[in-house]
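Q: Show me the folded form of this:
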Amino acid sequence: MIKYLVYQYKYNLYCRISIKFYVLFSFISRTIHRGRTFMTKNPIFTPAQVGRAGEDIALQIEAAILDGKILPGERLPSERELQVQFHTGRGVIREALGALKQKGLIEIKKGAKGGAFVKKMEMTLVSESLALFLKQQQIDPHYLIEVRESFDRTITTLAIARA
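A: Next comes the predicted model:
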């Protein structure tokens, strides 16, 4: 009877250790993303600063996108992986992703193949932002015409030089 209990104890211990290693290795293997490893020796991101962690996370992800470390169409690490890298909670990560979505840098897809994906910048977003800025600042139309004329002159000069 004692041999049976010892055997059962060892078997249960072996199963628990096996499961822990399986979970750990499957988690690590999921972090490898298109040749870039997000959770290894050279992580892209650094832990977020205390205080304005959401803003810091959004700035770091934005910088990685603009520097070309994460290319358009690529998937960002999962919320859990970002949580580990930035040493913050999921709410802060979601806040940062929401800010990036609002800026038009990422899109968030739901479902099994979902996640946060880097968007390619569209001209409509830029023109809408510029239009809102100009409406809010109440700039005199005379200045806008002046800027447009200077652009036209520069474009004409470059077209003639490159023709």
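Q: looking at the chain, which helix or strand does the model trust least?
A: Sorting the helices and strands of the chain by mean pLDDT, DSSP states H and E puts strand 32-33 at the bottom, at a mean of 45.
Q: which residue ranges form the helices in the chain?
A: With DSSP state H as the criterion, the chain has helices at 2-30, 53-66, 79-86, 90-103, 123-137, 141-162.
Q: now those helices as TSV including mean pLDDT, mean neighbour count and distance to Lys110?
A: Every C-beta, even on glycine, is put in place using the N, C-alpha and C of the backbone. Shown next, in TSV, are the helices of the chain (pLDDT from 0 to 100; neighbours: other Cβ atoms under 10 Å; distance: least, Cβ to Cβ, whole Å):
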stretch	mean pLDDT	mean neighbour count	distance to Lys110
helix 2-30	54	10	18
helix 53-66	92	19	19
helix 79-86	91	19	13
helix 90-103	93	17	13
helix 123-137	81	10	22
helix 141-162	92	9	41
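Q: Not counting residues beside it along the chain, what's closest to Leu76?
A: Leaving aside its sequence neighbours, Leu76 sits nearest to Ala116 (Cβ to Cβ, 6 or more residues apart in numbering; 4.1 Å).
Q: Bridge partners for that neighbour, pull those for me.
A: Ile108 (DSSP bridges).
Q: tell me the contacts of it?
A: Each residue near Ala116 by Cβ atoms under 8 Å, 6 or more residues apart in numbering is listed here: 75-76, 97, 100-101, 106-108.
Q: got it, and Arg75?
A: Residues 33, 115-118 are the ones in contact with Arg75 under the rule Cβ under 8 Å, 6+ apart.
Q: how about the helices of the chain in JSON lines, adding distance to Thr46?
A: Written out in JSON lines, the entries for the helices of the chain read as follows (distance: least, Cβ to Cβ, whole Å):
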{"stretch": "helix 2-30", "distance to Thr46": "20"}
{"stretch": "helix 53-66", "distance to Thr46": "7"}
{"stretch": "helix 79-86", "distance to Thr46": "8"}
{"stretch": "helix 90-103", "distance to Thr46": "14"}
{"stretch": "helix 123-137", "distance to Thr46": "28"}
{"stretch": "helix 141-162", "distance to Thr46": "39"}
